[in-house]
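Novice: Next comes the sequence, and after it the predicted model I'd like to discuss.
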Amino acid sequence: MNLQARHAYAAGLLDGEGTIVIRKDGMLHMEMSNTFLPAVDYMASMYGGTVHARKLRNGWRQAYVWQVRGKSACRALEQMLPFLLIKREQAKLAIQYRADKIVLPRKDKAARQCELDRREKIRLAISNLNQGVS
C-alpha cells in the first residue's frame, strides 16, 4: 500500500473511531480506540504516540487506545487532512490552533487575555463539532 493510501486508511479509522480535542490546558490531543489491536497499533506505527489497553468492563471486549498529542498530533492531522470526511473541520481548526499559537505575553495583560480568548474559542468550536453542534 502506498503512503497516500496508508494516510487515507488512517483517516478512515480516525473518522470512525477517533476524537480530536484541545484540552483545557491548551494541549492538542487526538485518540482512537478499537477492540482490534492491529488497527490501534497501525496508528502508532504511522504517527507515533502511545497505545494502552482500556480498563476492562464487565461483559465488554477488551478495547485498546492510541493517543498522540501536541506537534505529533498536528503532523498526523496534516497528513490525514486530505482524506478526512467527518472530522475535517476539527482537524482544520486544530492545525490552525497549533500554527497560530504564540507564547503568552507576560506583561501585556490585554494581549495575554486576547490570546487566551482566541485559544478558548477554537477549543470550544472543536468541542461543539465533536458533539454535533454547529
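Specialist: Right, received. Where do you want to start? Numbers count the residues shown, from 1 in each chain.
Novice: Residue 67 in helix, strand or coil?
Specialist: strand (DSSP: H, G, I helix; E, B strand; the rest coil).
Novice: what separates it from residue 128, distance-wise?
Specialist: Separation of residue 67 from residue 128 (Cβ to Cβ, to the nearest Å): 22 Å. In short, each C-beta sits where N, CA and C put it, glycine included.
Novice: just checking, what packs against whichever helix in the chain runs longest?
Specialist: Criterion DSSP state H: the longest helix present in the chain is helix 109-130. Contacts defined by 3 or more Cβ pairs under 8 Å, 6 or more residues apart in numbering; DSSP states H and E place helix 109-130 against strand 18-22, helix 88-100.
Novice: other SSEs contacting the longest one?
Specialist: Right, helix 88-100. Using 3+ Cβ pairs under 8 Å, 6+ apart: helix 88-100 touches strand 18-22, strand 28-34, helix 70-80, helix 109-130.
Novice: Throw those into CSV and include distance to residue 12 and mean pLDDT, thanks.
Specialist: Formatted as CSV, these follow (distance: least, Cβ to Cβ, whole Å; pLDDT from 0 to 100):
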stretch, distance to residue 12, mean pLDDT
strand 18-22, 10, 96
strand 28-34, 11, 96
helix 70-80, 9, 97
helix 109-130, 18, 90
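Novice: need these in CSV with distance to residue 57 and mean neighbour count, can you?
Specialist: Converted to CSV, the helices and strands packed on helix 88-100 look like this (distance: least, Cβ to Cβ, whole Å; neighbours: other Cβ atoms under 10 Å):
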stretch, distance to residue 57, mean neighbour count
strand 18-22, 19, 20
strand 28-34, 13, 21
helix 70-80, 27, 19
helix 109-130, 22, 14
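Novice: what would those look like in a markdown table with distance to residue 8?
Specialist: Formatted as a markdown table, these follow (distance: least, Cβ to Cβ, whole Å):
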| stretch | distance to residue 8 |
| --- | --- |
| strand 18-22 | 14 |
| strand 28-34 | 15 |
| helix 70-80 | 8 |
| helix 109-130 | 21 |
